[in-house]
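Predicted structure and sequence below. I'll ask about it afterward.
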Amino acid sequence: MTETKPDAPSERTRNRLKPNTIGLAGVVFMVVAFSAPVTAMSGNVPVAVGYGNGIGAPAGFIVATVVLTIFSVGFVALARHITAAGAFYTFVSRGLGKPAGLGAGVLSTISYMAMEAGLVGIFATFSQATFLNQFGIDLPWVVYALIVIVIMSVLSYRDIGLASKVLAVVLIGEVALLGIMAFSVLFHGGGPDGLMPEAINPVNAFGTNGLVAGSAGIGLLFAFWSWVGFESTAIYGEESKNPKKVVPRATLVAVIGIGVFYTFISWMMIAGNGAENSIARASGSDPFQLIYYPMQTYVGEWGIYAMEWFMILGSFACALAIHNSATRYLYAFGRDRILPSFLGRSHPKYQSPYTASVFQSCVAALIVIVCFAAGVDPYGELYVLVAILATIALLASQVLTSAAVIGYFHVQRRHPETRNWWRTMTAPIIGGLGMAVVIWLLLTNLDTAAGAASETWFGRALGWIVAGLFVVSVVVALIWRRVRPDTYERIGMTVFTEPTTDPVAGAASTDAGERR
């Protein structure tokens with residue numbers, strides 16, 4: 001290993017994040033908060049039930065859990081050997097080469113940067129409605145949006161430990177509220193049709209189950225969509241305790257834990273309504289009734305008020321988790337001097353990526369202000385379109401990462417102690433194909449996924465935008481290889497040894513044998 005030589009200790013400190021800040025629980029909280037359980041259950045499940053696989057929607061979560069767990073097998077194999085805030089950017093650079101790595105990094109960075117603005121939009125929508133309904137306060141949505149951007153910027157200025165504690169409190173509240181509803185239905189023996197075990201029969205994930213115009217693909221799409229963000233475990237490797245163990249464990253805990261939880265909650269939602277009522281409410285004028293009805297019937301009126309607040313808090317937690325992910329990708333690009341180097345500085349005291357965080361906050365605020373001035377609907381257009389853009393881009397990065405696992409362990413033949421036919425070959429192939437199928441489902445069902453927003457020029461161009469970003473990034477990398485070889489060499493170069501409690505130790509390093 002050859003260690004980079006910073007000019008002075010202060011420079012070294014500015015080019016790494018604070019190690020040993022969060023443990024297994026902290027990383028899991030960050031990832032599950034990203035998934036926003038209340039938002040996923042209240043927003044995604046009604047679409048799956050009303051227009052996808054009907055009462056088989058919970059079974060769709062079982063299928064998604066299996067596929068994502070298989071994908072994670074190869075993903076965590078790489079995470080055991082590569083620790084870097086760049087995650088997909090660094091993984092793909094090391095496994096498939098720098099041009100593809102730059103492409104994956106650009107897709108991931110743009111995804112998280114845009115998705116933050118989208119989540120701020122849905123936070124503002126929920127806040128505006130709740131404050132109007134409960135307090136009679138009527139403010140423009142942009143006010144709530146800018147307030148939450150400032151709050152996230154303040155929380156992210158410190159090390160990741162503070163943000164993880166805030167997210168933990170919100171997440172525990174979300175899980176507790178949904179759990180109270182689900183167990184209340186369970187202990188009552190379900191609704192008019194009982195507990196409906198057929199809802200979790202995996203075979204029903206691939207059928208329409210009573211829907212006249214349903215599509216099983218829509219149901220599976222929205223099941224997978226509910227997991228967006230689980231891959232961000234690797235982003236926190238530099239700041240976690242013993243990342244070679246924490247990141248793999250956190251990934252599998254998050255994927256399997258989210259899957260079991262989503263399956264149970266969606267199953268009880270359907271059981272609490274009954275088969276016919278579930279489909280009618282999910283496809284009706286107020287699809288939130290799919291979760292509101294069992295909440296009110298089996299928990300009480302207070303559950304509805306709590307739901308409204310946790311939809312706000314959950315979207316805030318999700319936006320904060322996304323902000324942290326976007327910040328660390330910008331930081332990784334800045335540290336490698338692919339983007340301006342000021343983005344790659346860490347705070348001299350907190351060792352947080354504070355300059356990247358402030359920059360990301362400014363970008364999110366600019367997007368929000370422009371959308372407000374243009375009269376864009378913060379939920380129906382801003383949130384929906386950037387969420388779909390980010391989902392396509394992140395799924396594409398996951399496909400590239402699956403290929404990178406094979407390239408790293410089998411083509412380059414690194415780490416024979418980890419390499420085997422299942423973990424680093426078969427699982428990545430199955431996982432990568434699964435992600436590719438979800439991309440196809442999303443693109444072919446875009447009108448249902450995006451609704452009216454799919455008819456906008458941006459909606460129609462989503463697939464081309466993602467493909468264009470990747471192709472342009474690869475071309476730029478190839479040009480740099482010829483005319484700016486020093487910049488090309490820095491693509492995906494920074495990985496870290498095991499962090500220690502010494503802020504100077506565990507310095508950024510590059511393995512000469514792994515440069516491509």
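Cool, the structure landed. Bear in mind that the values here come from a model prediction, so they are computed numbers and not experimental data.

Give me the spatial nearest neighbour of residue 371, chain neighbours excluded.
Among residues not flanking residue 371 along the chain, residue 382 sits closest, at 5.2 Å (CB to CB, 6 or more residues apart in numbering). Quick note: C-beta positions are derived from backbone N, CA and C, even for glycine.

Which residues are in contact with that neighbour?
Contact analysis of residue 382 by CB atoms under 8 Å, 6 or more residues apart in numbering lists 117-118, 121, 367, 371, 376.

same check, this time on residue 34
228-230, 232, 318, 321-322, 325.

Go again with 7 Å.
229, 232, 318, 321-322 (CB atoms under 7 Å, 6 or more residues apart in numbering).

so it sits in a helix?
Yes: judged by DSSP: H, G, I helix; E, B strand; the rest coil, residue 34 forms part of a helix.

how long is stretch 412-420 end to end?
End-to-end span of stretch 412-420 (CA to CA, to the nearest Å): 14 Å.

Buried by neighbour count: which residues of that stretch qualify?
The neighbour-count check on stretch 412-420 (16 or more other CB atoms under 10 Å) flags 414, 419 as buried.

who touches that stretch?
With contact meaning CB under 7 Å, 6+ apart, stretch 412-420 is reached by 77, 80-81, 408-410, 424.

likewise stretch 123-136?
With CB under 7 Å, 6+ apart as the test, stretch 123-136 has contacts from 137-139, 141, 144-145, 148, 308-309, 311-312, 315-316, 319, 378-379.

just stretch 208-216 next, same as before
Here stretch 208-216 has contacts from 51-56, 205-207, 275, 279, 445, using CB under 7 Å, 6+ apart.

now the residues you listed in JSON lines, with pLDDT?
Below are those laid out as JSON lines (pLDDT from 0 to 100):
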{"residue": "51", "pLDDT": "89"}
{"residue": "52", "pLDDT": "89"}
{"residue": "53", "pLDDT": "91"}
{"residue": "54", "pLDDT": "93"}
{"residue": "55", "pLDDT": "94"}
{"residue": "56", "pLDDT": "95"}
{"residue": "205", "pLDDT": "92"}
{"residue": "206", "pLDDT": "91"}
{"residue": "207", "pLDDT": "89"}
{"residue": "275", "pLDDT": "94"}
{"residue": "279", "pLDDT": "93"}
{"residue": "445", "pLDDT": "84"}
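
hang on, the earlier thing: pick the one among the contacts of residue 382 closest to residue 387.
residue 118 (5.2 Å; CB to CB).

quick one, what contacts that closest one?
Applying CB under 7 Å, 6+ apart, the residues contacting residue 118 are 382-383, 386-387.

do that again at 8 Å, thanks
By CB under 8 Å, 6+ apart, residue 118 lies in contact with 382-387, 390.

Touching, residue 450 and residue 391? I think so.
No: in this structure, residue 450 is not within contact of residue 391 by CB atoms under 8 Å, at 10.8 Å.

Among the contacts of residue 118, which lie within strands?
Taking DSSP state E, every one of the contacts of residue 118 sits outside strands.

can you redo the residues you listed as a markdown table with distance to residue 330 and pLDDT?
A markdown table is the format used below for the contacts of residue 118 (distance: CB to CB, whole Å; pLDDT from 0 to 100):
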| residue | distance to residue 330 | pLDDT |
| --- | --- | --- |
| 382 | 21 | 88 |
| 383 | 22 | 86 |
| 384 | 24 | 82 |
| 385 | 22 | 86 |
| 386 | 17 | 86 |
| 387 | 20 | 82 |
| 390 | 15 | 87 |
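
Widest-spaced pair of those residues?
382 and 390 (12.2 Å).

Lowest-confidence entry in the contacts of residue 34?
Here the lowest pLDDT out of these sits on residue 229, with 76.

For burial, what's the neighbour tally of it?
As a burial measure, residue 229 scores 27 neighbours (other CB atoms under 10 Å).

Then residue 253?
With neighbours defined by other CB under 10 Å, the count for residue 253 comes to 17.

Please look at it and residue 28 and confirm they touch.
Yes: if you go by CB under 8 Å, residue 253 and residue 28 touch, sitting 5.4 Å apart.

so which of the contacts of stretch 412-420 is the most crowded?
Highest neighbour count within the contacts of stretch 412-420: residue 408, with 28 neighbours (other CB under 10 Å).

re earlier: identify, from the contacts of residue 34, the entry nearest to residue 191.
residue 318 (29.6 Å).

Which strands and helices lie in contact with whatever helix or strand the closest one lives in?
Using DSSP states H and E, residue 318 sits within helix 301-335. Judged by 3 or more CB pairs under 8 Å, 6 or more residues apart in numbering; DSSP states H and E, the packing partners of helix 301-335 are helix 24-35, helix 37-39, helix 88-96, helix 98-135, helix 141-157, helix 160-187, helix 289-298, helix 354-373.

can you pull the contacts of residue 380?
Going by CB under 8 Å, 6+ apart, residue 380 touches 451-453.

From residue 458, how far out is residue 85?
Using CB to CB, to the nearest Å, residue 85 is found at 29 Å from residue 458.

What of residue 224?
Using CB to CB, residue 224 is found at 22 Å from residue 458.

likewise residue 199?
Applying CB to CB, the value for residue 199 to residue 458 is 36 Å.

more crowded one of those two?
Using other CB under 10 Å as the criterion, residue 199 and residue 458 rank with residue 199 on top: 26 against 15.

Near the residue nearest to residue 101 when sequence neighbours are not counted, how many other residues are there?
If the residues on either side of it in the chain are set aside, residue 101 comes closest to residue 93, at 2.6 Å by CB to CB, 6+ apart. Per other CB under 10 Å, the neighbour tally for residue 93 reads 30.

contacting residues around residue 93?
By CB under 8 Å, 6+ apart, residue 93 lies in contact with 86, 100-102, 104-105, 491-493, 516.

now these as a markdown table including neighbour count?
Shown next, in a markdown table, are the contacts of residue 93 (neighbours: other CB atoms under 10 Å):
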| residue | neighbour count |
| --- | --- |
| 86 | 32 |
| 100 | 23 |
| 101 | 28 |
| 102 | 28 |
| 104 | 33 |
| 105 | 29 |
| 491 | 27 |
| 492 | 31 |
| 493 | 26 |
| 516 | 18 |
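
So for the chain, which residue is the most central one in space?
residue 229 (1.6 Å; CA atoms, centre = their mean).

Let me know the distance separating the closest residue to that one other than its chain neighbours from residue 270.
When the adjacent residues along the chain are set aside, residue 229 lies closest to residue 34, with 3.2 Å between them (CB to CB, 6+ apart). Taking CB to CB as the measure, residue 34 falls 25 Å from residue 270.

Residue 460 is in contact with residue 454, isn't it?
Yes: using CB under 8 Å, residue 460 is in contact with residue 454, at 7.1 Å.

Lowest-scoring secondary structure element of this structure by mean pLDDT?
One helix or strand of the chain scores below all others by mean pLDDT, DSSP states H and E: strand 2-3, with a mean of 38.

Now do residue 46 against residue 130, distance only.
Plainly put, residue 46 is 19 Å away from residue 130 if you go by CB to CB.

before we move on, back to that, ok, so of the contacts of stretch 123-136, who is nearest residue 359?
Among those, residue 319 lies closest to residue 359 (CB to CB), at 16.3 Å.

Who are the contact partners of that closest one?
By CB under 8 Å, 6+ apart, the residues touching residue 319 are 116, 119-120, 123, 148, 152.

Residue 383 too?
Taking CB under 8 Å, 6+ apart, we find residue 383 in contact with 118-119, 121-122, 125.

Quick check: PyMOL command selecting the buried ones in these.
Applying 16+ other CB under 10 Å to the contacts of residue 383, the buried members can be selected in PyMOL as follows:
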select buried, resi 118+119+121+122+125
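
Determine the number of other residues adjacent to residue 470.
Neighbour count for residue 470, taken as other CB under 10 Å: 21.

Quick check: which element contains it?
In the assignment (DSSP H and E), residue 470 maps to helix 462-483.

Would you mark the buried spots in the very next helix or strand once past that helix?
Where DSSP H and E defines the elements, the next helix or strand beyond helix 462-483 is helix 485-489. Of all the residues in helix 485-489, those buried under the rule 16+ other CB under 10 Å are 487-489.

Sounds good, over and out.
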